[in-house]
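S.K.: Have a look; sequence and predicted model below, questions after that.
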Amino acid sequence: MLDSSAVLLSCAVCVAIGLFAALRWKSNTRCYPPGPPGLPIVGNLLDVPTEFSWYTFAAWSRQYDSKMIHFKVLGRHVVVLNSHKVSQEIFEGRSRIYSDRRQTVMMHELTGWHRNIAVIAYGEAWRARRRLFHQHFRQQAMPNYHVKLAKGAHTLLRLLLESPNDFLKHIRFVSGATVLDIVYAMDVSPAGDERMESVEQAVYSFGQLADAGVYLVDLFPALKLLPSWLPGAGFKRNAAAWKVHVDRLFEASYLEVKADHMLGKSKPCLTVDLLEETAGISYDQEIEEEIISVTGTTFAGSDTTIFAMAVFFFVMLLHPDAQRKAQEELDRVVGRDRLPEFADQESLPYVSALIKEMLRWQPIGPIGVPHTSVADDWYDGYFIPAGTIMIGNVWAILHDEERYPDPESFKPERFLTSEGALDPTVPDPLEVFGFGRRICPGRHFAQMSLFLYIAQILATFSIDKPVEERGRVVEPTRECFSRMFWYPKPFKARITPRFDGAEELVRATCSATE
Ligand code: HEM
């Protein structure tokens, strides 16, 4: 006869085997969204192009007849959402699951960018910073920045008068200088300034990191222990060089303003506002970190505005008709005696439509910034495991012909009614600013800056294709950066005052504000 403990043991073993079999069966029957079959270990690494990936994702969406596509790269699940509806339901409707960010060694440990709100993991630290950022960059706070933004726009016009061929350099300078002014009340000169150079280097490094996507050290974190001098450890040398600028970006100017503030000689700026708001709270390193994180992150955002302005000049070369129509509207509404201002925006629907169409037609972030999921989930019968990289295919959503008929054509008119007013039934291309709880909190500031720069440039300058000495018109090359962001490689444009008196108007306005 078997004793009772042997019976119990055999029962337990049977239950364990049963459970194991059931779990295995369940995991085998898990159904991921459709997508290309991959190879062992590398998965679909070789199928995903490093450039223009948004076209491939859209093509897979058509091939597999699914708005949700799945593939694997080196063991990581990736899901791409190719429609407005699915992206809303996932990123907005289930934001508790789909608002995290992947943590990488390069971004979070080696370069100092862990303070950037855009890369912080979904959780309390992110929430606190995002709340603070939102307070200062929500729609209602925008008038606080009107004066400094207008000063920046006037500087841009003056620089375009003085050296029009350097227009891309001027955009970069003005965008960075305006943020320095708003955040730290610092005045920098286009002739060269160490702080400005450091900001540019840091912002450049963020673009490089985002564009590179994944480094080998992110896949094999032990590589971070390699000595920097070792051949193959170039990533560590780059990271160390970038970190100097990134730390300076976050800390140096903040500490300067803080010291001035304690001596009672600081000028009004975002940092001072944040210091005063937290003055009643006893000193806490975490609160100081929050301020540093919010102030420094505004610079990372300035890069996207620079890319958008580069796209603007590019689009104006390709679509002179749209340029002329916007200028006709500016002449009619604002006239030629003054520059357009924020208050004119509502009366300039064509200019607003042109900006919307520019963001839609060529989104600068065609695959946005990927989110990561924090829990297993099921959607429409498909399984999405925790830790999946979630990509919103912004390009596909903004080129969906059901929402935007004839999507490949550049037509600002699509946003207007037949009477020429903005049509509220046509969806704004908001996806360019991302999704759900992670949607860009700087979007009001970005849209306001784009409006002012673009309206003032179109009011005073003509942007045309350059003409060579023998009269040959130089077509813009279609060369572009096309990995994480899309923006044109440096190109030439002929930028000239648009009417007699435009130059005087610019100089007079600049001397009044600069
Ligand atoms: C045309 C200009 C801009 C575009 C197209 C843009 C686009 C984006 C996108 C796609 C994201 C990621 C959203 C997501 O994860 O779903 C983002 C995040 C962010 N942007 Fe912008 N942005 C622009 C300008 C700015 C500016 C000027 C600022 C600062 C004043 C800014 C601050 C931020 C911040 C702080 C985040 C991180 C949000 C988070 O992860 O919670 N952006 N932006």
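M.R.: Arrived safely, thanks for sending.
S.K.: name the element the spatially closest residue to residue 327 that is not a sequence neighbour belongs to?
M.R.: Taking CB to CB, 6 or more residues apart in numbering as the measure, residue 327 lies nearest to residue 458, with 5.5 Å between them; neighbours along the chain are not counted. C-beta here means a position set from N, CA and C on the backbone, and glycine is covered the same way. Per DSSP states H and E, residue 458 falls inside helix 443-460.
S.K.: same check, this time on residue 80
M.R.: When secondary structure is defined by DSSP H and E, residue 80 falls within strand 76-81.
S.K.: Now do that strand: which elements does it pack against?
M.R.: helix 53-63, strand 68-73, strand 389-392 (3 or more CB pairs under 8 Å, 6 or more residues apart in numbering; DSSP states H and E).
S.K.: Excluding its own residues, what touches the second one? List them.
M.R.: Read it as strand 68-73. 32-36, 38, 42-45, 47-48, 57, 60-61, 77-82, 86, 379-380, 382 (CB atoms under 8 Å, 6 or more residues apart in numbering).
S.K.: ends of stretch 470-481, how far apart?
M.R.: Terminal residues of stretch 470-481 lie 31 Å apart, using CA to CA, to the nearest Å.
S.K.: can you list the residues of the protein near the ligand?
M.R.: 117-118, 130, 133, 137, 297-298, 301-302, 304-305, 308, 364-365, 368-369, 371, 432-435, 438-442, 445-446 (CB under 6 Å from any ligand atom).
S.K.: which stretches of the stretch 201-350 of the chain form strands?
M.R.: For the stretch 201-350 of the chain, no strands turn up when DSSP state E, counting those that start in this stretch is the criterion.
S.K.: Looking at it, which residue is nearest the ligand?
M.R.: Taking CB to the nearest ligand atom as the measure, the point where the stretch 201-350 of the chain comes nearest the ligand is residue 301, at 2.2 Å.
S.K.: any chance you could map the helices in the stretch 101-250 of the chain?
M.R.: 105, 124-137, 146-162, 167-184, 194-212, 216-219, 234-247 (DSSP state H, counting those that start in this stretch).
S.K.: residues of the longest one that come out buried?
M.R.: Burial within helix 194-212, assessed by neighbour count using 16 or more other CB atoms under 10 Å, is assigned to 195-196, 198-203, 205-207, 209-210, 212.
S.K.: Quick check: phi and psi at the residue lying closest to residue 213 once chain neighbours are set aside.
M.R.: Distances taken as CB to CB, 6+ apart place residue 484 nearest to residue 213, at 6.8 Å, with adjacent residues excluded. Torsion angles at residue 484 (phi, psi; degrees, to the nearest 10) stand at phi -90, psi -40.
S.K.: quick one, what contacts residue 484?
M.R.: With contacts taken as CB under 8 Å, 6+ apart, residue 484 has the following neighbours: 210-211, 213, 365, 367.
S.K.: Mind putting those into JSON lines with pLDDT?
M.R.: Conversion of those to JSON lines gives the following (pLDDT from 0 to 100):
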{"residue": "210", "pLDDT": "83"}
{"residue": "211", "pLDDT": "78"}
{"residue": "213", "pLDDT": "74"}
{"residue": "365", "pLDDT": "95"}
{"residue": "367", "pLDDT": "96"}
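S.K.: Check the gap between the nearest residue to residue 423 once chain neighbours are set aside and residue 424 for me.
M.R.: Of all residues beyond its chain neighbours, the one nearest residue 423 is residue 417 (4.7 Å), with distances taken as CB to CB, 6+ apart. From residue 417 over to residue 424 the distance is 9 Å, taken as CB to CB, to the nearest Å.
S.K.: out of those two, which sits in the busier spot?
M.R.: Neighbours of residue 417 and residue 424, each counted by other CB atoms under 10 Å, are more numerous for residue 417; the result is 13 against 9.
S.K.: My read is that the more buried one contacts residue 426, right?
M.R.: No - if you go by CB atoms under 8 Å, residue 417 and residue 426 don't touch, sitting 9.2 Å apart.
S.K.: Model confidence score at the residue in the stretch 51-200 of the chain positioned nearest to the ligand, please.
M.R.: Among all residues of the stretch 51-200 of the chain, residue 118 sits closest to the ligand, at 3.5 Å; criterion: CB to the nearest ligand atom. Per-residue confidence for residue 118 comes out at a pLDDT of 96.
S.K.: surely it meets residue 370?
M.R.: No - with contacts counted by CB under 8 Å, residue 118 stays clear of residue 370, the gap being 11.1 Å.
S.K.: Is residue 420 part of a helix or strand, or is it coil?
M.R.: Each residue gets one of three states, and residue 420 gets coil by DSSP: H, G, I helix; E, B strand; the rest coil.
S.K.: Contact partners for it?
M.R.: By CB under 8 Å, 6+ apart, the residues touching residue 420 are 349-350.
S.K.: Tell me the spacing between it and residue 353.
M.R.: Note on residue 420: its distance to residue 353, by CB to CB, is 9 Å.
S.K.: How about residue 477?
M.R.: Applying CB to CB, the value for residue 477 to residue 353 is 27 Å.
S.K.: These two: which is more packed in?
M.R.: residue 353 (25 against 11).
S.K.: pretty sure that one is touching residue 416, no?
M.R.: Yes - the pair formed by residue 353 and residue 416 meets the contact definition of CB under 8 Å, at 5.3 Å.
S.K.: overlap in contacts of the two?
M.R.: With CB under 8 Å, 6+ apart as the test, residue 353 and residue 416 both reach residue 422.
S.K.: returning to what we had before: tell me which residues are up against the following helix or strand past the helix holding residue 458.
M.R.: Sequence order places strand 461-464 as the next helix or strand after helix 443-460, per DSSP H and E. Applying CB under 8 Å, 6+ apart, the set of residues contacting strand 461-464 from outside is 157, 160, 164, 313, 316-317, 320, 323, 327, 457, 493-498, 502.
S.K.: Which of the residues in strand 461-464 are classified as buried?
M.R.: Of the residues in strand 461-464, those scored as buried under the neighbour-count criterion (16+ other CB under 10 Å) are 461-463.
S.K.: Name the spans of this structure whose pLDDT lies under the cut-off.
M.R.: For the chain, residues meeting the criterion pLDDT under 70 lie at 1-30, 280-283, 514.
S.K.: Mind naming the longest helix for it?
M.R.: Of all the segments assigned as helix in the chain under DSSP state H, the longest by residue count is helix 285-318.
S.K.: okay, the angle between it and helix 167-184?
M.R.: Angle, helix 285-318 to helix 167-184, by axes from the mean of the first three to the mean of the last three CA atoms, to 10 degrees: 150 degrees.
S.K.: Count residues in the vicinity of the residue of the stretch 51-200 of the chain closest to the ligand, would you?
M.R.: 19.
S.K.: residues contacting it?
M.R.: When contacts are taken as CB under 8 Å, 6+ apart, residue 118 is in contact with 101, 297, 300, 369, 438.
S.K.: Could you dump these into CSV with distance to residue 469 and neighbour count added?
M.R.: What follows is the contacts of residue 118, written out as CSV (distance: CB to CB, whole Å; neighbours: other CB atoms under 10 Å):
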residue, distance to residue 469, neighbour count
101, 52, 20
297, 47, 24
300, 42, 23
369, 45, 17
438, 51, 23
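S.K.: Residue 345: what's it in contact with?
M.R.: Counted by CB under 8 Å, 6+ apart, residue 345 has contacts 351-352, 451, 455.
S.K.: any idea how far residue 329 is from it?
M.R.: 12 Å.
S.K.: what's the overlap in contacts for these two?
M.R.: Residues touching both residue 345 and residue 329 (CB under 8 Å, 6+ apart) are residue 351.
S.K.: Nearest residue to the middle of the protein?
M.R.: residue 304 (5.3 Å; CA atoms, centre = their mean).
S.K.: still on that earlier bit, rebuild the helices and strands packed on strand 76-81 as TSV, extending it with mean neighbour count.
M.R.: Converted to TSV, the helices and strands packed on strand 76-81 look like this (neighbours: other CB atoms under 10 Å):
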stretch	mean neighbour count
helix 53-63	18
strand 68-73	22
strand 389-392	22
